[in-house]
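[1] Prediction below, plus the sequence it came from.
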Amino acid sequence: MASRLLAATDEDRQTLATLLDNIGYEIMPFKSAKDKVLAEVPTSVPLTITATGGKGLEPTLDAAVFLRGRGYSVAPHVPARLVRDVEELDALVSRLEAAEIDRIFIIAGDAEEAAGEFRDARSLLAALTDRGHHFTDVGIGGYPEGHASFPDEAIRQALRDKAPYATRILTQICFDPQTFLEWGAQIKREGVALPIYAGMPGPVSRQKLLRVSAGLGLGQSANFLKKQQNMFWRFFSPSGYKPTQLIKGLVQGLPASNAAIKGFHIFTFNDLAQTEVWRRELLEQAHG
């Protein structure tokens, strides 16, 4: 059971309830992912579906169309560096529109070489706007702890450049509530007032993470593990990891913060059954 002390007051419970109303799961489009989602995740939980340079966009788009057809709200990751040109972008958007997928998450992507004219998220977002689109939800990435490959100011400037095209920010994994709160307040001071969805691992076992980080993973989740494993393992007990303490810190800190954190973006590593049990435990606390 999640900690009973997570939401100790009426204000805590209200804050937690609001955040849980805006929770979403990130999944990786392995062959087993579709069946696992259908079996273990209610259609009320929005999904984002990762992409990677190694596998290309097709597994992501295929899973998104399939799950949308089964009643899920889905946002495929579209890494700009995997899209060749405006013609491919047009075909991609048309495919998503035909499938009634009105959410999208645009990142630069981890491909070393861009497939064509789009080298960063902003250039793809601008082309999407020039084309015209049907999306009601356009997500962009945020980096509360910075990015290993870029100076902090460059990352903040990139966020300011992307923000006018977007409707929300999904952050990379962060373990510290104070970092989330300080970063959220800082970007707001710099003119970025988009709602933030705090990225964190869901409850996951050591064994699961070892399998994913052995090279089976896709997208941001696996990328994070490969690059920051040593730091990540420090947060683990022998039985695994739960983000309960992180959420407790956010619940207690948000009412006094200017950070526009509105919900949670849960990196599930496709451990969907355990993630869903955990989410329901939190809901019991919020409404208990």
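    It's in.

[2] can you give me the strands for the stretch 51-200 of the chain?
    For the stretch 51-200 of the chain, strands defined by DSSP state E, counting those that start in this stretch occupy the ranges 74-79, 103-107, 137-142, 168-171, 196-201.

[3] all helices of the stretch 101-250 of the chain, in order?
    Using DSSP state H, counting those that start in this stretch, the helices of the stretch 101-250 of the chain run over 121-131, 152-162, 177-189, 206-211, 219-233, 244-253.

[4] Poorly predicted segments of the chain, please.
    Along the chain, the model assigns pLDDT under 70 to residues 1-5, 53, 206, 208-239.

[5] and L128, how many neighbours?
    By the measure other C-beta atoms under 10 Å, the count of residues near L128 is 23. The C-beta positions use only the backbone N, C-alpha and C, and glycine is treated the same way.

[6] centre of the chain versus the helix or strand where T275 lies, how much separation?
    In the assignment (DSSP states H and E), T275 maps to helix 272-287. On the basis of C-alpha atoms, centre = their mean, to the nearest Å, helix 272-287 sits 18 Å off its chain's mean C-alpha point.

[7] any residues touching it, and which ones?
    The set of residues external to helix 272-287 that reach it, using C-beta atoms under 8 Å, 6 or more residues apart in numbering, is 1-2, 4, 6-7, 13, 16-17, 20, 23, 25, 27, 36-37, 39-42, 45, 202-205, 242, 247, 266, 268.

[8] Look up how far L283 lies from the residue nearest to G139 when sequence neighbours are not counted.
    In space, G139 comes closest to F105 once its chain neighbours are excluded; the distance is 4.0 Å by C-beta to C-beta, 6 or more residues apart in numbering. The span separating F105 from L283 equals 25 Å under the rule C-beta to C-beta, to the nearest Å.

[9] again, but for H77
    Taken as C-beta to C-beta, the span from H77 to L283 is 27 Å.

[10] Between those two, which is the more surrounded one?
    Set side by side, H77 and L283 show more neighbours around H77, with 28 against 15, by other C-beta under 10 Å.

[11] so the more buried one sits right up against T48, yeah?
    Yes - counting by C-beta atoms under 8 Å, T48 is a contact partner of H77 at 6.4 Å.

[12] Overlap of the contact sets of those two?
    Both H77 and T48 are in contact with F105, where contact means C-beta under 8 Å, 6+ apart.

[13] Need the distance between the two termini of stretch 65-76.
    Start and end residues of stretch 65-76 are separated by 9 Å (C-alpha to C-alpha, to the nearest Å).

[14] ok, and what's touching that stretch?
    Residues contacting stretch 65-76 (C-beta under 8 Å, 6+ apart): 24, 34, 37-38, 41, 43, 45-49, 51, 57, 60-61, 63-64, 95-96, 99-101, 103-105, 137, 139.

[15] hang on, the earlier thing: in the helix holding T275, which residues are buried?
    Across helix 272-287, burial judged by 16 or more other C-beta atoms under 10 Å covers 272, 274-276, 278-279, 281-282, 285-286.

[16] How about stretch 75-87?
    75-83, 86.

[17] ok, back up a step: relative to helix 244-253, how tilted is the helix holding T275?
    30 degrees (axes from the mean of the first three to the mean of the last three C-alpha atoms, to 10 degrees).

[18] and the angle from helix 272-287 to strand 196-201?
    130 degrees.

[19] Just the CA atoms of helix 272-287, as PDB, please.
    Taking C-alpha atoms only, helix 272-287 is exported to PDB below (Å, rounded to 0.1, in the frame of the first residue of the first chain):
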ATOM      1  CA  LEU A 272       1.200  -1.600 -16.500                       C
ATOM      2  CA  ALA A 273      -0.500  -3.900 -14.000                       C
ATOM      3  CA  GLN A 274       1.600  -2.700 -11.100                       C
ATOM      4  CA  THR A 275       1.300   0.900 -12.200                       C
ATOM      5  CA  GLU A 276      -2.500   0.700 -12.300                       C
ATOM      6  CA  VAL A 277      -2.700  -0.900  -8.800                       C
ATOM      7  CA  TRP A 278      -0.500   1.900  -7.500                       C
ATOM      8  CA  ARG A 279      -2.700   4.600  -9.200                       C
ATOM      9  CA  ARG A 280      -5.800   3.200  -7.600                       C
ATOM     10  CA  GLU A 281      -4.200   3.200  -4.200                       C
ATOM     11  CA  LEU A 282      -3.400   6.800  -4.600                       C
ATOM     12  CA  LEU A 283      -7.000   7.500  -5.700                       C
ATOM     13  CA  GLU A 284      -8.200   5.900  -2.500                       C
ATOM     14  CA  GLN A 285      -6.100   8.300  -0.500                       C
ATOM     15  CA  ALA A 286      -7.200  11.300  -2.400                       C
ATOM     16  CA  HIS A 287     -10.900  10.600  -2.000                       C
END
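
[20] Alright, that wraps it up for me.
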